[in-house]
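*Asks:* pasting a predicted model and its sequence here:
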Amino acid sequence: MIHPTAIIDPEVRERLPEDIRIGPYSIIEGDVTFGPGCEIGPHVVIRGPARIGAENRFFQFASIGERPQDLKYHDEPTELIIGDRNTFRESCTVHRGTMPPNGIERTVIGNDGLFMAYTHVAHDCVIGDHVIMSNAASLAGHVTIGDHAILGGFTLVHQFCTVGEHAFTGMGTALNRDLPPFVMASGNLARAVGINKEGLKRRGFSQEAIRALHQAFRGLFRSHHPERMERVRDLAGAHPEVARLLAFIEDSRRGVIR
């Protein structure tokens, strides 16, 4: 299951699961561990420290766990943590963390993500479950992405931004502020354009919840009333999704897109 041209650190080789598949000319070095069922294509480079879970797939030319692109980083033993059942397509790059006080020492990716060709995940990013990054979407350092978020092709996310759960960005979106959960954004610089209705329908949200989120969106993003947050708060009492939307906006450190 391991191609003879693959170059693997001897200590890593001793810990490899029996069912792992490693293609020709791939390189694995440093302190790297894999869960069962992983598949590594040809010409993949994986460098540790890295903890990689089960059933992850890495396509050709992916670079995983490389040093962060941070001039303050000086080869400290930071790490990359990847959950289960993620797919990393061609030429995808994922960097491990950088050291405090500027970093959290690790980059963390959850479960069931799809990282399409040429996507980039920089140091100290924290990515939830079921996240999709379309072709050439890029995250700067210290970005947080919530569960089920989808980033359209060529989306760019500024350092220290947060993208909420079930959020969606159109092609070529540039986020320089936080994107609240359930909200769709588009443009450079990004503007909120509506609620991610189709995505919420596909994931089983009720029509009542979607209508409440739409009403809250209109109240928050289309109104200039000075007490618009208070006007939406009554709606949040009956709908937990609206409550999560409000809590995200109130907790945002960078401010949210408008």
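*Replies:* Yep, it's here.
*Asks:* buried ones in stretch 42-51, by neighbour count?
*Replies:* Judged by neighbour count (16 or more other CB atoms under 10 Å), stretch 42-51 contains these buried residues: His43, Val44, Val45, Ile46, Arg47, Gly48, Pro49, Ala50, Arg51. Where you see a C-beta, it was placed from the backbone N, CA and C, and this is true even at glycine.
*Asks:* quick one: residues contacting the residue nearest to Ile20 when sequence neighbours are not counted.
*Replies:* Leaving aside its chain neighbours, Ile20 sits nearest to Cys38 (5.2 Å; criterion: CB to CB, 6 or more residues apart in numbering). For Cys38, the contacting residues are Pro17, Ile20, Arg21, Ile52, Ala54, Glu55, Asn56, Arg57, Phe58, by CB atoms under 8 Å, 6 or more residues apart in numbering.
*Asks:* distance of Cys38 from Arg15?
*Replies:* 12 Å (CB to CB, to the nearest Å).
*Asks:* and for Ala243?
*Replies:* Look at Ala243 and Arg15: by CB to CB, they are 45 Å apart.
*Asks:* who has more neighbours, the two?
*Replies:* More crowded of Ala243 and Arg15, by other CB atoms under 10 Å: Ala243, with 16 against 11.
*Asks:* using the three-state scheme, assign that one.
*Replies:* Three-state call for Ala243 (DSSP: H, G, I helix; E, B strand; the rest coil): helix.
*Asks:* and what of the one 3 residues further on?
*Replies:* What three-state DSSP gives for Leu246 is helix.
*Asks:* got a markdown table for the contacts of Cys38, with neighbour count and pLDDT too?
*Replies:* Shown next, in a markdown table, are the contacts of Cys38 (neighbours: other CB atoms under 10 Å; pLDDT from 0 to 100):
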| residue | neighbour count | pLDDT |
| --- | --- | --- |
| Pro17 | 13 | 96 |
| Ile20 | 16 | 97 |
| Arg21 | 13 | 98 |
| Ile52 | 24 | 98 |
| Ala54 | 16 | 98 |
| Glu55 | 17 | 98 |
| Asn56 | 23 | 98 |
| Arg57 | 17 | 98 |
| Phe58 | 28 | 98 |
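*Asks:* so Glu208 lies in a helix, does it not?
*Replies:* Yes - counting by three-state DSSP, Glu208 is part of a helix.
*Asks:* what number of residues lie near it?
*Replies:* 11.
*Asks:* list the contacts for it?
*Replies:* Glu208 is in contact with His239, counting by CB under 8 Å, 6+ apart.
*Asks:* which regions of the stretch 151-258 of the chain sit below the pLDDT cut-off?
*Replies:* Where the stretch 151-258 of the chain drops to pLDDT under 70, the residues are 225-228.
*Asks:* quick one, helices of it?
*Replies:* Per DSSP state H, counting those that start in this stretch, the stretch 151-258 of the chain carries helices over the ranges 197-202, 207-221, 228-238, 240-251.
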